[in-house]
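Chemist: return atomic coordinates for the entry below.
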Amino acid sequence: MLAIFLSLFSLFSLSTDASADVLLQDTVKRHPHRQAVADTSARLLTINQIYLVGNRITRDRIILRELSLKPGDLVSTADLAAILERDQKKLINTRLFNTATIRTLELEPGKTDLLVDLNERWYTFPAPIFELADRNFNEWWQNYHHDLKRVNYGLRLYQHNMRGRNETLRFIAQFGFIRRFDLSYRFPYIDRKQKQGITLNVDFSETKNLAYRTVDHKLEYIQSSHILKNTRGASIGYTYRKSFYETHGFAIEYRDNRISDTIAYLNPNYLGPEVKQQKFGAVSYTFTSDHRDYIGYPLKGYFLNGSIYRSGITASDDLKKTEVNINMAGYLDLKKGFYLSDNIVTFWSSPSSGLPYASYSALGYRKQLVRGYEVYVIEGPKFFLNKMTFKKRIFSHIYHWKDMPIPQFRHIPLAVYLKTYSDVGYVQGYPNYTISSRLANRWLGSVGAGIDIVGSYDAVLRFEYTCNAEGQRGFFFNFKKEF
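Modeler: Residues are numbered from 1 along each chain as shown. Next up, the predicted model:
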């Protein structure tokens, strides 16, 4: 019932917020006769000038794009504080700034200036790669006996805020368990109104270690001295962000997958019967409505993401499959440091039979899993997932390291949350898929408790103890927020 309530809460918010001009519209209505309703003592102020301080790299127009108020706008003093608070959160959610503060400077009657004080993040991250090749820490620890050979190493370079325009360059050179090269460039805005964007991506990967089948919901790997699979791909994406909170995305891509004779022998249906090469184009559409207070670790607001992905756009394409994914999350502030959050995911794909093994859909990847089942992959064309968390903030403080020579790292937030949670999920299994069907076509569930530690640059450490419906219980560790 609580999950249904949160879903209705999200839908209600979508409908009611659309009429609230202080929340959704790019600017406050410019109307000379606008009157304050809630507070009879409120006054109308004209926004005079907007001053930006602290943006040594970020271009002014990138910052001004996130502000509801523009010079010349009329705004009631009754609404002003709420508008500025929301704009501060929008600036933080660009992930360009550690802190953002907006102050008013009323130097003459009836007019006010806005002072936007910013502390920029560090934008260059040439981080070495030393990470697990498996889906999560728990799978590596339990299924593969924490084998240190199952790691990837190399270099991952992220250059955020390129040219001060919030553009992102990503380059990955990875070796080890999976050899991978990836290059992408994101232009969030390519027009003067800053509503349209483009993303370009090319990638290549090859591996001598490959999961060639699933047995009892656990991936089985084979290791070889020669290449077992390589993948090449390229894509171009287009985004349209009309308002602050809604974004539409369109993408087209091309994929080329090839496997060795060994994989074709071990699993004749890996890419299809007697198929060792698979080439296809794909198109996708994504809609996102994001009203969370802070993207890195949300406590209030809601989030909606829906996507349609079609593999196979021409008659000659080797794969034809359609996927629809809907992801909703609601976050409630219960006051006095208590918070409640809920995440609902529904997934549907077609066809449900005749697919090659490599194109099977599954519950268990990324954040779409039932906690307590981290070590399992549950394959099927359709699934449902609900994750609910109740938490209490037990510590929160912002430290300022004055002696740090790099100003972008002087701001150190730290918060700790004690939580309890309950998840349910259901996967409709693939017909005649008997070697990995024990957990399909039945309800899955779990309960647990844990601690979240939230730090700088959206870092989240999750320590959880979970008991699932199979009677299995254990400690689980994760590096990212739950949803």
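Chemist: packing partners of the helix or strand Leu155 falls within?
Modeler: For Leu155, the host element (DSSP states H and E) is strand 151-162. Judged by 3 or more Cβ pairs under 8 Å, 6 or more residues apart in numbering; DSSP states H and E, the packing partners of strand 151-162 are strand 124-132, strand 167-176, strand 178-187. All C-beta atoms are positioned from the backbone trio N, CA, C, and that covers glycine.
Chemist: cutoff 6 Å now
Modeler: Contacts defined by 3 or more Cβ pairs under 6 Å, 6 or more residues apart in numbering; DSSP states H and E place strand 151-162 against strand 124-132, strand 167-176.
Chemist: looking at those, which one has the lowest mean pLDDT?
Modeler: If you rank the helices and strands packed on strand 151-162 by mean pLDDT, strand 124-132 sits at the bottom with a mean of 70.
Chemist: hang on, the earlier thing: closest to Ser225 out of the helices and strands packed on strand 151-162?
Modeler: With Cβ to Cβ, the closest approach to Ser225 among the helices and strands packed on strand 151-162 belongs to strand 167-176: 15.1 Å.
Chemist: before we move on, back to that, most packed of the helices and strands packed on strand 151-162?
Modeler: The highest average neighbour count among those, using mean count of other Cβ atoms under 10 Å, belongs to strand 167-176 at a mean of 17.
Chemist: ok, back up a step: the strand holding Leu155 versus strand 167-176: what angle between them?
Modeler: Counting by axes from the mean of the first three to the mean of the last three Cα atoms, to 10 degrees, strand 151-162 lies at 170 degrees to strand 167-176.
Chemist: got the CA positions of strand 151-162 in CSV?
Modeler: Extracted in CSV, the C-alpha atoms of strand 151-162 (Å, rounded to 0.1, in the frame of the first residue of the first chain):
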residue,chain,number,x,y,z
VAL,A,151,39.9,-7.2,-12.1
ASN,A,152,40.2,-4.6,-14.7
TYR,A,153,43.0,-2.1,-14.7
GLY,A,154,43.9,0.9,-16.9
LEU,A,155,43.1,4.6,-17.1
ARG,A,156,39.8,6.4,-17.0
LEU,A,157,39.9,10.1,-17.9
TYR,A,158,36.9,12.4,-17.2
GLN,A,159,37.2,16.0,-18.2
HIS,A,160,34.0,17.7,-16.9
ASN,A,161,33.0,21.2,-17.8
MET,A,162,35.1,21.4,-20.9
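Chemist: in it, which residues are buried?
Modeler: For strand 151-162, the neighbour count (16 or more other Cβ atoms under 10 Å) marks 151-152, 154, 156, 159-162 as buried.
Chemist: before we move on, what about stretch 235-255?
Modeler: Of the residues in stretch 235-255, 235, 237, 239, 241, 244-247, 249, 251, 253, 255 count as buried by neighbour count, 16+ other Cβ under 10 Å.
Chemist: after the helix-or-strand element of the chain with minimal mean pLDDT, which helix or strand is next?
Modeler: Ranked by mean pLDDT, DSSP states H and E, the helix or strand of the chain with the weakest confidence is helix 21-24, at a mean of 34. Following helix 21-24 in sequence order, the next helix or strand is strand 44-53 (DSSP H and E).
Chemist: and that next one, what does it pack onto?
Modeler: Right, strand 44-53 is packed against strand 74-76, strand 111-120 by 3+ Cβ pairs under 6 Å, 6+ apart.
Chemist: would TSV of those with distance to Ile222, mean neighbour count and mean pLDDT be doable?
Modeler: Formatted as TSV, these follow (distance: least, Cβ to Cβ, whole Å; neighbours: other Cβ atoms under 10 Å; pLDDT from 0 to 100):
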stretch	distance to Ile222	mean neighbour count	mean pLDDT
strand 74-76	65	20	94
strand 111-120	47	18	96
